[in-house]
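Novice: Please work out how this folds:
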Amino acid sequence: MRVKKVLNNNAVVVIDGNEEKIAFGPGIAFQKKKHDIINRQKVEKLFVMEEKERFQQLLLQIPEEHLDVSEQIISHAEESLGTKLNEHIHIALTDHLSFAIERAREGIHLQNKLLHEIKILYKKEFEIGRWAIEYVHHQLGIEMRMDEAAYIALHIHTAKPHSRDIHETVKSTTMISDMVAIIKEYFGISLEEQGIAYQRLLTHLRFSLTRVSAKEFHTMDPEMLDMIKKKFSLSYKCAKRVGKVLSRDYEIHISEEELGYITLHIERLQKTEIG
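Specialist: Numbers count the residues shown, from 1 in each chain. Predicted coordinates:
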């Protein structure tokens, strides 16, 4: 394994066999130059990266300590989730985290409007985000808020195998947030974010959107659907409003059968919170 290009003291582009790879390890590239041999025992991570030019440009723009912190967070995430994350996380999270650290150093903290939804929908990832901001504080003395833990959670979630990209994930989470806001306004209720009713509602709404996206539509007996519409007319009208807003704002069509199931969840919610 020989050096092709030193990125910083802890990261280096190497030629391993016939492949070009990126190797990480504490002090792995200290005083190394092109064609020098890298000791494999010092390598903590070794992978092929399709976007290596972009990664190299990023490393020229950020402090070395930011990369080190990001890589530790990625390692912790992979261990906690028991899976390898998409290699793009090394660019996406490092870039995001470096900017977030600089903002926090200047006392600038961005609000994450989806904080409560992310905490519930992506629990494991949010716990990793909490660990991450504590790790940043321990390593760099920079204080970050829970809003940032949620941003990190999104990056981790979208890097998992078979996950949507971050834009699609933010879009679906925003839709769920909008759906909840419609239901709260319709019945004039204020849900406790930590309450079981709120958490249950978010989970069911996510499943509904997932089914719609995958075109795996719920089936419901027509007589059952008709009974739901009549017996829970107020909840059904609320569900119809939700469907109308999704169609108008996101061009998402919710079938009558799916609206029937959403009606049941709304009915359960309002009985818990109102009745």
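Novice: ok, the nearest residue to residue 19 once chain neighbours are set aside - contacts?
Specialist: Counting by C-beta to C-beta, 6 or more residues apart in numbering, residue 48 is the residue found nearest to residue 19 once chain neighbours are left out, at 6.1 Å. Placement of C-beta: from N, CA and C, glycine included. Contacts for residue 48 (C-beta atoms under 8 Å, 6 or more residues apart in numbering) come out as 19, 20, 21, 22, 87.
Novice: Would you check how far apart residue 48 and residue 269 are?
Specialist: To residue 269, residue 48 is 48 Å away according to C-beta to C-beta, to the nearest Å.
Novice: mind checking the SS state of residue 21?
Specialist: Following DSSP: H, G, I helix; E, B strand; the rest coil, we place residue 21 in the strand state.
Novice: wait, isn't it in contact with residue 45?
Specialist: No - contact between residue 21 and residue 45 fails when scored by C-beta atoms under 8 Å: they sit 9.7 Å apart.
Novice: Name the surrounding residues that touch the helix or strand hosting residue 177.
Specialist: Using DSSP states H and E, residue 177 maps to helix 166-187. By C-beta under 8 Å, 6+ apart, the residues outside helix 166-187 that reach it are 92, 113-114, 117-118, 121, 154-155, 157-158, 163-164, 190-191, 198, 201-202, 205-206, 209, 213, 238, 241-242, 245-246, 249-250, 252, 266, 269-270, 273-274.
Novice: In helices, which of the residues you listed appear?
Specialist: 92, 117-118, 121, 154-155, 157-158, 198, 201-202, 205-206, 209, 213, 238, 241-242, 245-246, 249-250, 266, 269-270, 273 (DSSP state H).
Novice: How many residues are close by residue 80?
Specialist: 14 (other C-beta atoms under 10 Å).
Novice: who's in contact with it?
Specialist: 124, 127, 128, 131 are the contacts of residue 80 under C-beta under 8 Å, 6+ apart.
Novice: rerun at 10 Å
Specialist: Listed by C-beta atoms under 10 Å, 6 or more residues apart in numbering, the contact set of residue 80 reads 124, 125, 127, 128, 131, 156.
Novice: swap in residue 229?
Specialist: 235, 236, 237, 239, 240, 256, 259, 260, 263.
Novice: Return the members of the residues you listed classed as buried.
Specialist: The neighbour-count criterion (16 or more other C-beta atoms under 10 Å) marks 235, 236, 239, 240, 259, 260, 263 among the contacts of residue 229 as buried.
Novice: Pick out whichever of those residues sits closest to residue 2.
Specialist: residue 259 (62.0 Å; C-beta to C-beta).
Novice: hmm, back to that, buried ones from the contacts of helix 166-187, can you make that a ChimeraX selection?
Specialist: Only the buried entries of these go into this ChimeraX selection, using 16+ other C-beta under 10 Å:
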select :92,114,117,118,121,154,155,157,158,191,198,201,202,205,206,209,238,242,245,246,252,266,269,270,273
